[in-house]
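Participant: Sequence and predicted structure are below.
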Amino acid sequence: MIGKKMGGHGFQVRHARQMNEIQGCHVLFIGEGEKGQLPSALANIKGSPVLTVGESERFVKDGGMIGFCLEENKIRFEINLESAEKAQLRISAKLLALAKTVIGRPRKD
């Protein structure tokens with residue numbers, strides 16, 4: 001675990017080796033090498049307000065929330081708004097406007 005501070009708030013970076021180690025996290029990054037673990041990870045955090053971030057090609061199509069991709073030597077990102085809303089997370093309109101692709105539409109409250 002690595003302790004850090006951001007905006008006066010403390011946070012830790014943990015490298016989970018087992019699915020039971022992801023309980024209680026707020027942001028879950030799933031790298032290209034762990035993309036096979038995505039279905040299990042999503043099932044494990046279902047209903048929890050956990051932001052899922054990844055870098056595999058089909059990350060957002062497979063249920064992840066924010067997926068990074070390389071396009072013309074630039075890092076871009078895609079957003080699965082439906083997945084975020086199922087986890088009761090809100091993605092700002094500014095972030096949505098910057099995304100390469102957005103799956104779903106903002107819910108009207």
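Facilitator: Now that the structure is in, tell me what you want to look at.

Participant: going forward, measure contacts and count neighbours with C-alpha atoms only.
Facilitator: Fine.

Participant: Kindly state the pLDDT recorded for residue 42?
Facilitator: pLDDT, residue 42: 92.

Participant: I'd like the distance between residue 33 and residue 104.
Facilitator: 27 Å (C-alpha to C-alpha, to the nearest Å).

Participant: Just the buried positions in stretch 92-105, please.
Facilitator: 96, 102 (16 or more other C-alpha atoms under 10 Å).

Participant: Spatially nearest residue to residue 35 (excluding sequence neighbours)?
Facilitator: Distance criterion C-alpha to C-alpha, 6 or more residues apart in numbering; nearest residue to residue 35, sequence neighbours excluded, is residue 56 at 6.4 Å.

Participant: burial of residue 28, as a residue count?
Facilitator: For residue 28, the count of nearby residues is 21 (other C-alpha atoms under 10 Å).

Participant: name the element it belongs to?
Facilitator: Assessed by DSSP states H and E, residue 28 sits inside strand 27-30.

Participant: what's that strand in contact with?
Facilitator: Under the contact criterion C-alpha atoms under 8 Å, 6 or more residues apart in numbering, strand 27-30 has outside partners 22, 38, 50-55.

Participant: What average pLDDT does it get?
Facilitator: Computed over strand 27-30, the average pLDDT equals 92.

Participant: and it, C-alpha only, in CSV?
Facilitator: The C-alpha trace of strand 27-30 is given here as CSV (Å, rounded to 0.1, in the frame of the first residue of the first chain):
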residue,chain,number,x,y,z
VAL,A,27,-11.5,3.3,-8.0
LEU,A,28,-10.6,0.0,-9.6
PHE,A,29,-8.1,0.0,-12.4
ILE,A,30,-8.0,-3.2,-14.6
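
Participant: in that strand, what's buried?
Facilitator: 28, 30.

Participant: This protein: strands as residue ranges?
Facilitator: 2-6, 9-13, 27-30, 51-54, 66-71, 74-80, 101-103 (DSSP state E).

Participant: Kindly compare burial across those and name the winner.
Facilitator: Highest mean neighbour count of the strands of the chain: strand 51-54, a mean of 22 (counted as mean count of other C-alpha atoms under 10 Å).

Participant: Quick one: list the elements packing against that strand.
Facilitator: Strand 51-54 is packed against strand 27-30, strand 66-71, with contacts defined by 3 or more C-alpha pairs under 8 Å, 6 or more residues apart in numbering; DSSP states H and E.
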